[in-house]
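>>> Quick check, what structure comes out for this input:
(4 chains)
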2 protein chains.
Amino acid sequence: MDADERLREAAERLALTLAQGGMQKTTARVMTALLYSGQESMTAADLCAELSISSGAVSTAVKQLIPIGLIERVPAPGSRRDHYRFRHGAWASLMSQQNAMLSLMGDAAQEGIDIAGEDSTTGRRLHEMRDFYTYMSDQLIPMIDTWRQQYSERKS
Amino acid sequence: MDADERLREAAERLALTLAQGGMQKTTARVMTALLYSGQESMTAADLCAELSISSGAVSTAVKQLIPIGLIERVPAPGSRRDHYRFRHGAWASLMSQQNAMLSLMGDAAQEGIDIAGEDSTTGRRLHEMRDFYTYMSDQLIPMIDTWRQQYSERKS
DNA sequence: TAGAACTTTCAGAGATCTGTAAACAGCATG
DNA sequence: CATGCTGTTTACAGATCTCTGAAAGTTCTA
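From the prediction side, this is the model:
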């Protein structure tokens, strides 16, 4: 078994893990294909061939991946086809996305407190929830920023 | 519209958000029902009535929620029925769970590097990935521990 | 502007997943 | 030990979701 094949397997395995974690299966496969690809960028047709899926499926997958900041369209000189590649700093974007979820959870808790009041069974439970998520969010944001800074320094 | 009804709506809304984030819809509904409940604990029958679902659905939901540490069975004195309640420190458990995912991502990256080698297009991409997730995991663990410590102090 | 090369959209098929209802198992009590 | 009450499992039905194939749309070239 050659390295190429083993990489492909590793890509599929990671895609499956990401799917477990809530990401669309095909979306995850497209993402890992780009991540594990030996090429700098891939066209939609490349992805179709690599993953044995239709062009429509590729289209919807990239439509989900680009807004999140995981992949990007790259200008393709001399070719009319769109080229896609894995974005630098993609992981930090993904984490920021999850951080947004933390804020949402905090807001939801606050909303519940406003209805139930602080001094109730529900209120106390929601109080813990709110405190936890505001704490987490407050800590995570600077953490990601620090990483971004360190990473941009290393790259230059 | 009374407060009770508004709480129920808030619970359903949060459940929907959690479902977006990958959690099973019914599992999320059971969890939020317990979270927003005015009672200290609820029986399976309570949950059936509250959410209009069958006992089987409740069973599978709690089977998922308990191992994660989000809810717990509580000894029910005088009643033969199982009582469930939202766990103290549940959110920290949930976050730990997500931290496990971070480790998994790091491992996956390392595996890819071992196959592709450091000095390749793929290798460089995976290198960034590995560094990011080890960094994140290293930071997140003490962060959660700090919270747990602070929280247990506050409670006592 | 016509036409070619791609991409996106959309309706329908296929697969997956989830809840329900009913059978099964466990347990306390009379 | 039998009975009644609960929780759990499983086969099936219903719903949801996702991919495909084809048509429509877009963009670039000649």
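>>> can you list the domain ranges for chain A.
Annotated domains of chain A cover A:3-86, A:90-155 [automatic domain parsing].
>>> Nearest approach to DNA strand C belongs to which of the ones you listed?
Across the domains of chain A, DNA strand C has its closest neighbour in domain A:3-86 (3.1 Å, Cβ to the nearest atom of the strand). Glycine gets a C-beta too; all of them are placed from N, C-alpha and C.
>>> Check the separation of the first and last residues in the closest one.
20 Å (Cα to Cα, to the nearest Å).
>>> Helices of chain A, residue ranges please.
For chain A, the helices defined by DSSP state H cover A:3-20, A:25-36, A:44-51, A:55-68, A:90-116, A:121-155.
>>> name the helices or strands packed onto the second one?
The one in question is helix A:25-36. Helices and strands touching helix A:25-36, by 3 or more Cβ pairs under 8 Å, 6 or more residues apart in numbering or on different chains; DSSP states H and E, are helix A:3-20, helix A:44-51, helix A:55-68, strand A:71-74, strand A:83-86, helix B:121-155.
>>> between it and helix B:121-155, how big is the angle?
Counting by axes from the mean of the first three to the mean of the last three Cα atoms, to 10 degrees, helix A:25-36 points 120 degrees away from the direction of helix B:121-155.
>>> For the domains of chain A, give me CSV that also has mean pLDDT.
Shown next, in CSV, are the domains of chain A (pLDDT from 0 to 100):
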stretch, mean pLDDT
domain A:3-86, 94
domain A:90-155, 94
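>>> Those into CSV, with extra columns for distance to B:Asp138 and mean neighbour count?
Listed next are those as CSV, based on distance: least, Cβ to Cβ, whole Å; neighbours: other Cβ atoms under 10 Å in any protein chain shown:
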stretch, distance to B:Asp138, mean neighbour count
domain A:3-86, 20, 17
domain A:90-155, 10, 17
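>>> Now A:Arg13. Nearest residue, chain neighbours left out?
Take A:Arg13 and drop its neighbours on the chain: the residue closest to it by Cβ to Cβ, 6 or more residues apart in numbering or on different chains is B:Ala108, 7.2 Å away.
>>> Check the gap between whatever residue of chain A ends up closest to chain B and DNA strand D for me.
In chain A, the residue found nearest to chain B is A:Gly22; the distance is 2.6 Å by Cβ to the nearest Cβ. In this view, A:Gly22 and DNA strand D are 10 Å apart by Cβ to the nearest atom of the strand, to the nearest Å.
>>> Contacts only, for that residue.
Residues counted as contacts of A:Gly22 (Cβ atoms under 8 Å, 6 or more residues apart in numbering or on different chains) are B:20-22.
>>> what's the spacing between the residue nearest the centre of chain A and B:Ala28?
Centroid-nearest residue in chain A, with Cα atoms, centre = their mean: A:Leu94, separated by 3.7 Å. Look at A:Leu94 and B:Ala28: by Cβ to Cβ, to the nearest Å, they are 22 Å apart.
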